[in-house]
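**Student:** Build me a model from this:
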Amino acid sequence: MKPGLISVIVLLVAAVTLAAPVHATNSDVAKEKRWAEQVIDSLLDGDELWLDDGGGHEFLGILTEGDASSGRAVILVHGIGVHPNWPDVIFPLREALLENDITSLSIQMPILANEATDAEYSNLYKEVPGRLQAAVDFLKDSGYSKIDIVGHSMGARMATYYLAQASTDGVNSAVFIGLGNSSSGSWPESIDALARLRVPVLDLYGGKDLDTVLNTVQDRANSGQKNESGIYQQTRVEQANHFFQGHEDELKSIVIGWLDQY
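**Tutor:** So this is what the prediction gives:
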């Protein structure tokens, strides 16, 4: 083969390699670090906490302590690609829990680069149980016996993934906000998993939510009503969007009301 032709082939192979999408198989640690720095610098309430996922990776949590003697604590699980103090849903709930003297632990979930698709997140679900279990274990070791998990969007799907396969010892109930099946493959069994959960579930969504949420309302109800705890409640806030923007007070009131009930 002529040297010139070899060079052309090498260049073509290199171009194809560079153009091909890179499917990350682990959380973007550099992005986690950047988020952590931003979050820690901006914290007004709560303290940074570093937890180990069981595989040697430390991830950020925000511990905001309420009345420890009540034994109550809530783990907050954010949505796709963001951080544990995100201004939509997560921060308003951190604020409401503190106002009600309930301890919260908001944790950093596995994330990818901004341009990553929902489907690419399927590679990260293997990291989910370790993070949620670390949060549960920390709270239990700190004397909290009634632990609720509140997840938003992909965080709700990640929480169903964890609760469907983990021991729920110490987990009191779950609140899923904007839960829907993935439109592109990131653990699409979330709705089916509702039937396998063993804790009371509040399924909260907005009347102007995403199509993947609105189109699965009845499917979620059908599955959730098979919950082994026998307790599944679906609540719709008619004018709210996926992030409850402008409806934060309703979000807080419904979630706190659920936590007080259970």
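
**Student:** and the residue nearest the centre of the chain, what helix or strand is that in?
**Tutor:** The centroid of the chain falls nearest to residue 155 when counting by CA atoms, centre = their mean (1.8 Å). Taking DSSP states H and E as the criterion, residue 155 maps to helix 154-165.

**Student:** Mind giving me the packing neighbours of that helix?
**Tutor:** Contacts defined by 3 or more CB pairs under 8 Å, 6 or more residues apart in numbering; DSSP states H and E place helix 154-165 against strand 72-77, helix 128-141, strand 146-152, strand 171-177, helix 190-193. The way it works is simple: take the backbone N, C-alpha and C, and place the C-beta from them, glycine included.

**Student:** repeat that with 10 Å
**Tutor:** Taking 3 or more CB pairs under 10 Å, 6 or more residues apart in numbering; DSSP states H and E as contact, the helices and strands that helix 154-165 lies on are strand 72-77, helix 128-141, strand 146-152, strand 171-177, helix 190-193, strand 201-208.

**Student:** which stretch in the ones you listed is the model least sure about?
**Tutor:** When the helices and strands packed on helix 154-165 are compared by mean pLDDT, helix 190-193 comes last with a mean of 88.

**Student:** okay, it in CSV with CA atoms only?
**Tutor:** This file holds the C-alpha atoms of helix 190-193, laid out as CSV (Å, rounded to 0.1, in the frame of the first residue of the first chain):
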residue,chain,number,x,y,z
SER,A,190,-39.3,3.2,37.1
ILE,A,191,-43.1,2.9,36.9
ASP,A,192,-43.2,-0.9,37.1
ALA,A,193,-40.9,-0.6,40.2
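
**Student:** For the nearest residue to residue 235 once chain neighbours are set aside, give me its contacts.
**Tutor:** Closest residue to residue 235 apart from its sequence neighbours, by CB to CB, 6 or more residues apart in numbering: residue 204 at 5.0 Å. Applying CB atoms under 10 Å, 6 or more residues apart in numbering to residue 204 gives the contacts 150, 152, 156, 175-179, 233-237, 240, 244, 250-251, 254-255, 258.

**Student:** In this structure the residue nearest to the centre of the chain contacts residue 93, no?
**Tutor:** No. Using CB atoms under 10 Å, residue 155 is not in contact with residue 93, being 11.3 Å away.

**Student:** Tell me which helix or strand in this structure has the weakest average pLDDT.
**Tutor:** Every helix and strand in the chain was compared by mean pLDDT, DSSP states H and E; the lowest is helix 3-19, with a mean of 39.

**Student:** Got the phi and psi for residue 117?
**Tutor:** phi -90, psi 160 (degrees, to the nearest 10).

**Student:** Could you count how many residues lie near residue 143?
**Tutor:** Neighbour count for residue 143, taken as other CB atoms under 10 Å: 11.
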